[in-house]
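1. using only what follows, build the 3D model:
(2 chains)
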2 protein chains.
Amino acid sequence: MGGLPRVNEVSDFVGRIRDVTGPGAHPLHEPVLGEVEIDFLSKCIRSGFVSSVGEFVTTFEEQLASFLECNAVVAMSSGTAALHIALLTMGVRPGDEVLIPSATFVATANAVAYCGAVPHFIDIEWETLGVDAHALDTHLNAVAVRKGDEVVNRNSGRRISLCVPMHTFGHAVNMSALHDVVREWGIPIVEDAAEALGSSFQNRKCGTFGLVGVFSFNGNKTITTGGGGALATNDRSIAERARHLSTTAKLKHRWDFIHDEIGFNYRMPNVNAALGCAQLTRLKESLQSKRRLFDRYDEIFKGSNLGAMFSEPPDSQSNYWLQTFILHREKSNYRDEILDRCNSDGLALRPLWAPLHTLRPFKNLPRAEMPVTMDLSLRAINLPSSAGIA
Amino acid sequence: MGGLPRVNEVSDFVGRIRDVTGPGAHPLHEPVLGEVEIDFLSKCIRSGFVSSVGEFVTTFEEQLASFLECNAVVAMSSGTAALHIALLTMGVRPGDEVLIPSATFVATANAVAYCGAVPHFIDIEWETLGVDAHALDTHLNAVAVRKGDEVVNRNSGRRISLCVPMHTFGHAVNMSALHDVVREWGIPIVEDAAEALGSSFQNRKCGTFGLVGVFSFNGNKTITTGGGGALATNDRSIAERARHLSTTAKLKHRWDFIHDEIGFNYRMPNVNAALGCAQLTRLKESLQSKRRLFDRYDEIFKGSNLGAMFSEPPDSQSNYWLQTFILHREKSNYRDEILDRCNSDGLALRPLWAPLHTLRPFKNLPRAEMPVTMDLSLRAINLPSSAGIA
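-> So this is what the prediction gives:
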């Protein structure tokens, strides 16, 4: 096919996607919904409890903790809210810097900003699409210095108080390599596992490596609660503090309204948790479907001269939240044409997020060199990834 | 009854409540839920759209705007979120002061803090339980000074950029008197109508007086979306900006992820809006029930020597969100005994919120004198207020 004209190469690409998805419109990711969800929501309405108290919230938290094999889960109104609370429970203070990938959804950086802290962007690696531990170490050696118990950015003078690796598209960060680096520096981790429910690294579930991990159950995620998120931790005192902060920091009392700090109204309502409990009954099957979908895309794109599917990194199991096609470097100039053609045709293909360090609100912030992030942003194309396709 | 021993007076009080509520446990406020809600939620599931896009969100916003007789409504994930966005759309900046009552739920002050601004607490009046316009004017004359287009607190040096009146328990603030004062000072208003859906002042709906008003649909409100809130405005450019800020400030594009400022993930999911649409079908009936409930409490407490029901202020119509008994001043020492006895008996009576200027996170902030707030906090007792009781 090397000699095909460009227009035919793009047509061939679209045809291969259609061989997998079939005809019609296909969003990037839509949930599987049906009678189980209607049944659970009906039970929720009949219980009379639809708001921030209710048995579905407790059940959702317990079942999720059991699935993740961690001690406690606190359900929240969004993944962003969960990350905000996670950063606060880890002691992020105004004026701190927090290490986050530039290749992530904007919520990661926003949550840092909500704390009055400053995102400090780091690069990713091709093997995992997640934080490059080795590059991070090199970068820290160049810009950071230890002062007592703290790590300080010698350029800005600010404390670097946390690192937030994100499991891109559901592929696990190399947590072993990352732990080696951050342990050496004494920088704690919050895992942004918003996209990685069901993924694992070395047989341990993503979201349970750091002291705190967070998940998203937005409508486009592997399971959905409409809008929602959760914080997972093995440390019960962190769970307790997360519950306190996310319920307006109200002290327990039979009738008095005493709040002992600035808190948030971030807890997941019972009606959303009911939806979540229904979705959890589908989780294992959805994960299997998504692996099948990867296999189908992987098979059908074998022999494409435009690029190849990104497959799960070594030592890990991906949930394949999004199916990602990586253009060969010399074909990266096809990206916009493919996106345009497919989106016009009802196939909601998406590129990588614009690297955050290039966006107006995050320009001129501290950052590492970004060779892989910039390269990936030109070459990644996410394909329709709903579990229902396979 | 003047000669009754105290224990009998309290028993008499509890008995009168029981005459209205009947036996059993009664929360402070529970929603009316049934087949309509199940039907709408089922339709939502079958539509495949449960998250931040969906026709129920649009319908909920349109129906609410129609009910309020305002130009635009933007549905949010909580009343707190709606207030946070409202303050941002009104240009509240870090370091500003925002005038809010001390007698309000903590969310009002938290939203100010989220903006990096400082609550500046003001007193309320007995006639409305809301902001005392006259006292506000006196206070501003004592502490504030005009500098160009701005009003500055001469003690702190900070700009006073906004006033947030709150319609306590659903009783309308005297918006006419308040407008006279703030117009004179050039301070804009955001109405915290979290508790006041369906209330009006001079035949205009609460939440539509300022440039922006906000509502809550938490589980304990007149209608509920599980968790949720909304921003109402007559200014379409404010609505547009609120939508932008609450959807991660993402620019419209077919595939690119470009965000032009720090945004929030605050939009109401479709599944919550479906619940809201069902609840809206009950709104008029609920408002009637709540007036009937007031009439029953008012009738039954006539002749009580402990106090009397608080009734709607002149020139206004209250939604009677909460039914409030005001102890005579000389009986305020009965408050805790009544709360204790009733809560032990399954009747979830509640006092006023602890005045915010007395709470740890808000101590030592700028404030006016608080005679009415402190008096009310000793004497107000909210009774079981669900529409389902009447």
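2. how's chain A carved up into domains?
-> The record's domain split for chain A, according to automatic domain parsing, is A:6-30+A:283-389, A:35-280.
3. pLDDT on the last one, on average?
-> Here the mean pLDDT over domain A:35-280 is 97, rounded to a whole number.
4. same deal with the first one?
-> Mean pLDDT, taken over the full extent of domain A:6-30+A:283-389, equals 97.
5. related to what we said a few turns ago, out of the domains of chain A, flag the one nearest chain B.
-> Smallest distance to chain B across the domains of chain A (CB to the nearest CB): 2.3 Å, for domain A:35-280. C-beta: built from backbone N, CA, C; applies to glycine.
6. now mean neighbour count and distance to B:E55 too, for the domains of chain A, in a markdown table please.
-> Output for the domains of chain A, formatted as a markdown table (neighbours: other CB atoms under 10 Å in any protein chain shown; distance: least, CB to CB, whole Å):
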| stretch | mean neighbour count | distance to B:E55 |
| --- | --- | --- |
| domain A:6-30+A:283-389 | 18 | 15 |
| domain A:35-280 | 22 | 14 |
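7. can you tell which of those is closest to B:T80?
-> domain A:35-280 (4.1 Å; CB to CB).
8. contacting residues around stretch A:333-345?
-> If you take CB atoms under 8 Å, 6 or more residues apart in numbering or on different chains as the criterion, stretch A:333-345 is touched by A:6, A:9-10, A:13-14, A:17, A:306, A:327, A:348-351, A:378-379, A:381, B:254-255.
9. if we ignore the residues flanking it in sequence, what's nearest A:E62?
-> Spatially, and ignoring its direct neighbours in sequence, A:E62 is nearest to A:V73 (7.6 Å; CB to CB, 6 or more residues apart in numbering or on different chains).
10. over to that neighbour. Which of the three states is it?
-> Put simply, A:V73 is strand when judged by DSSP: H, G, I helix; E, B strand; the rest coil.
11. quick check, it in contact with A:N234.
-> No. Taking contacts as CB atoms under 8 Å, A:V73 lies outside contact range of A:N234: 10.7 Å.
12. contact partners for the residue nearest to A:E62?
-> Applying CB under 8 Å, 6+ apart, we find A:V73 in contact with A:60-62, A:64-65, A:230-233, A:239.
13. what segments of the stretch 151-300 of chain A are helices?
-> Ranges of helices within the stretch 151-300 of chain A are A:175-185, A:236-246, A:270-280, A:283-300, based on DSSP state H, counting those that start in this stretch.
14. of all these, which one comes closest to B:A81?
-> helix A:236-246 (12.9 Å).
15. output that closest one as CSV, nothing but the C-alphas.
-> Coordinates of each C-alpha in helix A:236-246 appear next as CSV, following Å, rounded to 0.1, in the frame of the first residue of the first chain:
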residue,chain,number,x,y,z
ARG,A,236,-8.6,5.0,57.0
SER,A,237,-7.7,8.4,58.6
ILE,A,238,-7.3,9.8,55.0
ALA,A,239,-10.8,8.4,54.2
GLU,A,240,-12.2,10.0,57.3
ARG,A,241,-10.7,13.3,56.4
ALA,A,242,-11.9,13.1,52.8
ARG,A,243,-15.4,12.5,54.1
HIS,A,244,-15.2,15.4,56.4
LEU,A,245,-13.8,17.8,53.8
SER,A,246,-16.4,16.7,51.2
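16. and it, what other elements does it pack with?
-> Counting contacts by 3 or more CB pairs under 8 Å, 6 or more residues apart in numbering or on different chains; DSSP states H and E, helix A:236-246 packs against strand A:72-76, helix A:79-89, strand A:229-233.
17. and for it, what's in contact with it?
-> Helix A:236-246 is contacted by residues A:71-74, A:76, A:81, A:85-86, A:88-89, A:211-212, A:231, A:233, A:250, A:261, A:263-267 when judged by CB under 8 Å, 6+ apart.
18. any chance you could map the helices in the stretch 1-150 of chain A?
-> Going by DSSP H, counting those that start in this stretch, the stretch 1-150 of chain A shows helices at A:6-21, A:35-47, A:55-68, A:79-89, A:106-114, A:133-143.
19. phi first, then psi, for A:T225.
-> When read as degrees, to the nearest 10, the backbone of A:T225 gives phi -120, psi 30.
20. was I right about it contacting A:R267?
-> No. A:T225 is beyond contact range of A:R267, at 11.9 Å (criterion: CB under 8 Å).
21. quick check: neighbours shared by those two?
-> Common contact partners of A:T225 and A:R267 (CB under 8 Å, 6+ apart): A:A75.
22. out of the helices of the stretch 1-150 of chain A, nearest to B:G48?
-> Comparing these under CB to CB, the one sitting nearest is helix A:35-47, at 10.7 Å.
23. and the angle from that closest one to helix A:55-68?
-> Interaxial angle, helix A:35-47 versus helix A:55-68 (axes from the mean of the first three to the mean of the last three CA atoms, to 10 degrees): 140 degrees.
24. one step back: partner residues bridging the residue nearest to A:E62?
-> Assessed by DSSP bridges, A:V73 has beta-bridge partners A:A232.
25. and of the helices of the stretch 151-300 of chain A, who's closest to A:A25?
-> A:A25 lies closest to helix A:283-300 among those, at 17.0 Å (CB to CB).
26. in terms of secondary structure, what does the closest one contact?
-> Looks like helix A:283-300 contacts helix A:6-21, strand A:307-309, strand A:323-327 (3+ CB pairs under 8 Å, 6+ apart).
27. show me what contacts A:N71?
-> Counting by CB under 8 Å, 6+ apart, A:N71 makes contact with A:65, A:233-236, A:239.
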